[in-house]
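Colleague: Quick one, what's the 3D model for this:
(one chain, ligands or ions: 1)
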Amino acid sequence: MIAHRLGLLAVFLVGSASAAGPVSPAERELMDSIPANTLRGHLSFLASDLLEGRDTPSRGLDLAAEYIASQFRRFGVEPGGDNGTYFQNAPYLKVSQPMQDFRLRLQTPDGKSWESTGAKVMAVTNEAVDATDLEVLKVTVKDQNSPLPSAEQVRGKAVLLYVAQGSAAANARNRALQTMKPAVLVTYGVIAPAPFRLRPASAASTSTAPYIVTSDADFSKFVDTLPEGLTPAKLTAKVSAPVQESIQLRNVIGKLVGSDPTLRNEAILLTAHYDHVGVATRGDGDRIHNGANDDASGVSTVLALAESIAGRKLRPKRTLIFMTYFGEEKGLLGSRYYAAHPVFPLRQTVANLNFEHMGRTDDSEGKREGQITATGFDYTTLGEALTGAGAATGVGTWSHPRNSDDFFARSDNQALADAGVPAITVSVAWIFPDYHRPGDHWEKIDLPNMEKVVRMVAVGVTRVANGEVAPQWVESHPKVKRYVEAFRKLHAAD
Ligand SMILES: [Zn+2]
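Modeller: You can find the predicted model right below:
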């Protein structure tokens, strides 16, 4: 009966010897150390107007980063960033494209022409373009199987890539054509004008061709009149060189080294993104997108977990890494950067629980009280672990029949999953009424519910951190094949 007695002792001391079972006294203490007012404090600062929607990059984003680091200092978690700080610095280039001198003109020998001087157009280039009377190749892509011209036919020419709007084949064909070094690639499509784009400074200056998208319907009509392949048209293009500014973006990282001499060599990442979408450039009234639920609620969850777990006498066995990312809204930039520059070896990173939309219960599909869900709920054993903690603490867990799969790629867990680490995003609500709108205010957070679910998550996280077996991908699941392959690759040298 010694094993049994040891088991009981372990439950009593660390409160988490198993993934299921009722809440232990230590776990009760942990839960009680997460009051709603702690969450309210974090949320009300991070989602205040002062931070101006925490766009990447912005002063508001930097203020949020300093706030998060100051909280980590207060909790006594160790710095997990560069040079003994809480910040992992990511050098980026902020690239903007001057359009004053932009010119794009297509004309045929019979005198017909189309011309743009920069309206309804977006240009992406690494260098200036100044070309007159380029030969024009028209390439129509109907689907993935549409044939492409040869590299020889493409090189040095102006390519008019003509695709059905919303065609899934467009991006892949576009990339393939870019590598064939056309002088310029022009396509017709929806444009999302942005004042700048962000590029990792470390990425070698990509040798992609100058790329121009126009939403001008007259362009489409003009291209309609041209034959497929080499056309009689000529193209003249003038695009200024982009203006690049070096900037630093920051992930904010704290860590709690595990108490077990062996298991401390394995880490669990607890993450959320601290950026949001900033301030709308136009509109009446409130234009600040405060991003309280998206994702100050996730950051507040990470902070509450760090404070409560670091405040216990006994640390969990595995190492915990508390991290908030920049640039999620710009395309998972912070998590992609981290996956490329991990502070703890990814091979020894056994799980990532990412948190989004933890505060609002008014999901657009209905009220979500006393329950949490996750993306890829049944992709990993983490769903099961959460269900066990939920049963112990009175919180239901569920998998959305569509969103749980569809949203998997829509948050920072994706960057870690791509690297092979079992990674999910935990949420209370999926889409809610103020999603990506100025009305995402902290006052609308359901604090009593958030307290309840964050306490449950704290129990779940410590049970996973103390569990004998590390979380796993559920290999039988049809949608995890690529992640299992990434996991195997990651562990090939073990
Ligand atoms: Zn988000």
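Colleague: residues in contact with the residue sitting nearest the centre point of the chain?
Modeller: With distances taken as C-alpha atoms, centre = their mean, Leu332 lies nearest the centre of the chain, 2.9 Å away. Shown in contact with Leu332 (C-beta atoms under 8 Å, 6 or more residues apart in numbering): Ser411, Asp412, Gln414, Ala415. Heads up, the C-betas are built off the backbone N, CA and C, glycines and all.
Colleague: Repeat that for Lys157.
Modeller: Leu134, Glu135, Val136, Leu137, Pro182, Ala183.
Colleague: how much space between Gly376 and the ion?
Modeller: Look at Gly376 and the ion: by C-beta to the ion, to the nearest Å, they are 16 Å apart.
Colleague: burial of the residue of the stretch 301-450 of the chain found nearest the ion, as a residue count?
Modeller: Relative to the ion, the nearest point of the stretch 301-450 of the chain is Glu356 (4.7 Å; C-beta to the ion). Look at Glu356: counted by other C-beta atoms under 10 Å, it has 27 neighbours.
Colleague: so what pLDDT did it get?
Modeller: Note on Glu356: pLDDT of 98.
Colleague: Surely it and Ala296 touch.
Modeller: No: using C-beta atoms under 8 Å as the test, Glu356 is too far from Ala296 to be in contact (10.6 Å).
Colleague: how about stretch 459-472 as CSV, C-alpha atoms only?
Modeller: This file holds the C-alpha atoms of stretch 459-472, laid out as CSV (Å, rounded to 0.1, in the frame of the first residue of the first chain):
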residue,chain,number,x,y,z
VAL,A,459,-6.2,23.7,-11.6
GLY,A,460,-6.0,22.2,-15.1
VAL,A,461,-2.6,23.8,-15.8
THR,A,462,-1.0,22.6,-12.5
ARG,A,463,-2.4,19.1,-13.0
VAL,A,464,-0.8,19.0,-16.5
ALA,A,465,2.4,20.5,-15.1
ASN,A,466,2.5,17.7,-12.4
GLY,A,467,1.2,14.9,-14.5
GLU,A,468,3.3,11.8,-15.0
VAL,A,469,2.8,11.8,-18.7
ALA,A,470,3.3,14.9,-20.9
PRO,A,471,0.4,16.0,-23.1
GLN,A,472,0.2,14.3,-26.5
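Colleague: So for that stretch, mean pLDDT?
Modeller: 97.
Colleague: Same check on stretch 433-451?
Modeller: Across stretch 433-451, pLDDT averages out at 97.
Colleague: Quick check: buried residues in it?
Modeller: Neighbour-count burial for stretch 433-451 flags 434-435, 438, 440-442, 444-447, 449-451 (criterion: 16 or more other C-beta atoms under 10 Å).
Colleague: Is the residue in the stretch 101-250 of the chain that the ion sits nearest to bridged to anything, and to what?
Modeller: Nearest residue of the stretch 101-250 of the chain to the ion, counting by C-beta to the ion: Leu249, 16.5 Å away. For Leu249, the beta-bridge partners are Ala90 (DSSP bridges).
Colleague: What is the neighbour count of it?
Modeller: Burial of Leu249, expressed as a neighbour count using other C-beta under 10 Å, amounts to 26.
Colleague: domain ranges for the chain?
Modeller: 2-93+246-490, 98-241 (automatic domain parsing).
Colleague: Which neighbouring elements make contact with the longest helix along the chain?
Modeller: The helix spanning the most residues in the chain, taking DSSP state H as the definition, is helix 447-466. When contacts are defined as 3 or more C-beta pairs under 8 Å, 6 or more residues apart in numbering; DSSP states H and E, helix 447-466 packs onto helix 25-32, helix 36-46, strand 267-273, helix 297-310, strand 349-355, strand 371-374, helix 382-393.
Colleague: Let me know which of those is tucked in deepest.
Modeller: Mean neighbour count (mean count of other C-beta atoms under 10 Å) peaks for strand 267-273 among these, with a mean of 29.
Colleague: correct me, but the residue of the stretch 101-250 of the chain closest to the ion touches Asp55?
Modeller: No: counting by C-beta under 8 Å, Leu249 does not reach Asp55; the two are 11.4 Å apart.
Colleague: residues from the stretch 351-494 of the chain in reach of the ion?
Modeller: Selection of the stretch 351-494 of the chain residues close to the ion by C-beta under 5 Å from the ion yields Glu356.
Colleague: Got the confidence number for the closest residue in space to Asn290 that isn't next to it in sequence?
Modeller: The spatial neighbour of Asn290 that comes closest, neighbours along the chain excluded (C-beta to C-beta, 6 or more residues apart in numbering), is Ala47 at 4.3 Å. Here the pLDDT value assigned to Ala47 is 98.
Colleague: how close does Ala47 get to Arg155?
Modeller: Counting by C-beta to C-beta, to the nearest Å, the separation of Ala47 from Arg155 is 51 Å.
Colleague: repeat for Val457
Modeller: Distance from Val457 to Arg155, by C-beta to C-beta: 55 Å.
Colleague: between the two, who's got more neighbours?
Modeller: Per other C-beta under 10 Å, whichever of Val457 and Arg155 has more neighbours is Val457, with 26 against 13.
Colleague: and Ala69, that's in a strand?
Modeller: No: going by DSSP: H, G, I helix; E, B strand; the rest coil, the assignment for Ala69 is helix, not a strand.
Colleague: neighbours of it, just the number please.
Modeller: Other residues close to Ala69 by other C-beta under 10 Å number 20.
Colleague: Quick one: residues contacting it.
Modeller: Ala69 neighbours (C-beta under 8 Å, 6+ apart): Thr85, Tyr86, Phe87, Val252.
Colleague: tell me the contacts of the residue nearest to the first one when sequence neighbours are not counted?
Modeller: The reference is to Thr85. Sequence neighbours aside, Pro79 is the residue nearest to Thr85 in space, at 5.4 Å (criterion: C-beta to C-beta, 6+ apart). Pro79 makes contact with Phe72, Thr85, Tyr86, Ile253, Gly254, Lys255, according to C-beta under 8 Å, 6+ apart.
Colleague: if we look at the sheet, which residues does Pro79 bridge to?
Modeller: Assessed by DSSP bridges, Pro79 has beta-bridge partners Gly254.
Colleague: how about the residues of the chain near the ion?
Modeller: Selection of the chain residues close to the ion by C-beta under 5 Å from the ion yields Asp294, Asp295, Glu356.
Colleague: wait, the second one sits on Tyr274?
Modeller: Yes: Asp295 lies in contact with Tyr274 (C-beta under 8 Å); the separation is 7.2 Å.
Colleague: The two: which is more packed in?
Modeller: More neighbours surround Asp295 than the other of Asp295 and Tyr274, with 34 against 29 (other C-beta under 10 Å).
Colleague: Cool, thanks, talk later.
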